[in-house]
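> Structure for this input, please:
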Amino acid sequence: MELIEHYRKVIFFALHLKDFASPEADNVRLMREHYAHITFDEICQFMSVKGKTVLDVGGATGTFSKIFNEKFGAFAINLDFNPQQIHRKSSGELAIIDIHEIWPDTVTGVAQALPFVDNALDVVFCRSILEHIPQEEEQSAIDELYRVTKKGGLCYIAIPPWYSPWAGHGLRPFHVFPFTMARKLKLIFFRNTHIVERSLAEMDLFPITFKKMSNMIVQSGFRIAAVRDTHFRLHFLAKMPIVREIAIPLVAFIAEK
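Sure, this is the predicted structure:
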């Protein structure tokens, strides 16, 4: 029954999700709250977060941190490179959202240079961030996650594997083609799409596969304790070498230090 309810919510979010600053912004909040609970459940299979210091790297609005603090009893810190985020409303106007109003314990920073001392945090999670970091900086970012995690602590890293149809953000499902072709196909089949960028780099989108992510995590010093399919909840797919590169929308690596 829990899985059926999860699928119901995922379908609802997929059909109703709009820009953060749109009239349907509440759906975004509900979606983030739902996945915050999933993240919590998966982390708590290995460690209780109550009374622990938790960092959400690239946490955007701070929703995860708010829930981890108020519902789960963690000391939660939200980290974002732009705490005063600008979002486009459906009318075309720009809106500035102060993240501190949602979660006051928000700091400015990036994954490649975390503003914390070594071994400072019990749990670090980083969802859908690594694919927006230039490829030459990805290992440095994961090494930073390792550095700030306490010995015996956990790191939760989630990425959309590049060959998954859901991984291409504004270009999906054509992102696996060369950029020019992918852009043309997107504009042909989705006429309401506006793409002004001239490359994946300009879109802040960088290919990252399941295999590469796994190798980088191990290279940093972490031990991978589990791998989860956060959307379909079909965790057995993560054990299938080729299938897991294609069939999992968002894969989560739970790593121990």
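
> hey, where'd the strands end up in the stretch 51-200 of the chain?
53-57, 75-80, 84-88, 94-98, 106-108, 121-127, 149-159 (DSSP state E, counting those that start in this stretch).

> Just list what the shortest one packs against, helices and strands only.
For strand 106-108, the contact count by 3 or more C-beta pairs under 8 Å, 6 or more residues apart in numbering; DSSP states H and E identifies strand 75-80 as packing neighbours. Glycine gets a C-beta too; all of them are placed from N, C-alpha and C.

> centre of the chain versus the strand it packs on, how much separation?
14 Å (C-alpha atoms, centre = their mean, to the nearest Å).

> can you offset everything so residue one is 52?
Okay, using 52 as the starting number, the last item reads as strand 126-131.

> Taking strand 104-108 as reference, get the angle to it.
Interaxial angle, strand 126-131 versus strand 104-108 (axes from the mean of the first three to the mean of the last three C-alpha atoms, to 10 degrees): 20 degrees.

> by contact count, what packs against strand 126-131?
strand 104-108, helix 114-121, strand 157-159.

> Quick check: which of those is nearest to residue 279?
helix 114-121 (16.0 Å; C-beta to C-beta).

> Distance check, the nearest residue to residue 219 once chain neighbours are set aside against residue 240.
Among residues not flanking residue 219 along the chain, residue 226 sits closest, at 2.6 Å (C-beta to C-beta, 6 or more residues apart in numbering). Residue 226 sits at a distance of 13 Å from residue 240 (criterion: C-beta to C-beta, to the nearest Å).

> Which one of the two is surrounded by more residues?
residue 226 (25 against 10; other C-beta atoms under 10 Å).

> how much space is there between the more buried one and residue 237?
From residue 226 over to residue 237 (counting by C-beta to C-beta), the distance is 9 Å.

> Which residues are in contact with residue 127?
When contacts are counted by C-beta atoms under 8 Å, 6 or more residues apart in numbering, residue 127 touches 105-107, 115-117, 119-120, 154, 156.

> what bridges to it?
Using DSSP bridges, the bridge partners assigned to residue 127 are residue 105.

> any weak-confidence spans in the stretch 52-201 of the chain?
Confidence mapping of the stretch 52-201 of the chain against pLDDT under 70 gives the ranges 68-76, 136-146.
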